[in-house]
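# sharing a model that was predicted from the sequence below.
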Amino acid sequence: MHCQWRFHVEDCRRDHQKAHWEAFKVPPTLKVMPWQNAQPSALEALPTELLLSIMTRLGPTEQLFLALTSKKLLAISSLIKFAIPSARKHRAGGLNCTAMLVVLRTLPPRGPNGRASKAWAPCCDCYRYRPKKLKGYWKQVGKRYTADDQSDPVFRGYGAVVESWGHIRSSSYQCPECWCLESARSWGL
């Protein structure tokens, strides 16, 4: 985790908490308390009241990450109310919020070896992990916006955008689909 993480999230909370944050909700299927853990951690062995006291003293993102460490802590976290940054609301607001990208980068998709996968990258516009190397996937996405002959000058560079996004060490932070949406908006399509 990089050193500015806390400040990005605090800036996000200060600047647009009311409009772009929402209550953390645990799906009912995950609220079942799994009391039969084979080997509970020392933290999980604490009484529920003490765990609730710990959680209420944490910031919202720390509460979120603690809740996501186990099913028991997730179920216990549903007993308190806290707000977290909402990717859906950030997308709708058209914000370029570094806090959302920091939260995304904290929990990247994992490969078969358990390490962070380089086959996926977070998009700075839609705040989702998108595949980097699946050219067939991006070809299907492109068909929604471009003609097969790519005669439309607005989307003529789509192939280069997909190529740039697909490089492992690419500096591109906008996925090809968001590039299409932005191009369509800027050209009034």
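Looks like it came in fine.

# quick one: the strands in the chain?
21-23, 83-85, 120-122, 129-131 (DSSP state E).

# which stretch among those strands comes nearest H167?
strand 120-122 (10.0 Å; C-beta to C-beta). Backbone N, C-alpha and C define where each C-beta goes, glycine included.

# adding mean pLDDT and distance to K143, write the strands of the chain out as a markdown table.
Listed next are the strands of the chain as a markdown table, based on pLDDT from 0 to 100; distance: least, C-beta to C-beta, whole Å:
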| stretch | mean pLDDT | distance to K143 |
| --- | --- | --- |
| strand 21-23 | 70 | 34 |
| strand 83-85 | 73 | 32 |
| strand 120-122 | 85 | 22 |
| strand 129-131 | 89 | 16 |
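
# as JSON lines, those with distance to Q174 and mean neighbour count would be great.
Listed next are these as JSON lines, based on distance: least, C-beta to C-beta, whole Å; neighbours: other C-beta atoms under 10 Å:
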{"stretch": "strand 21-23", "distance to Q174": "24", "mean neighbour count": "13"}
{"stretch": "strand 83-85", "distance to Q174": "19", "mean neighbour count": "20"}
{"stretch": "strand 120-122", "distance to Q174": "10", "mean neighbour count": "20"}
{"stretch": "strand 129-131", "distance to Q174": "10", "mean neighbour count": "18"}
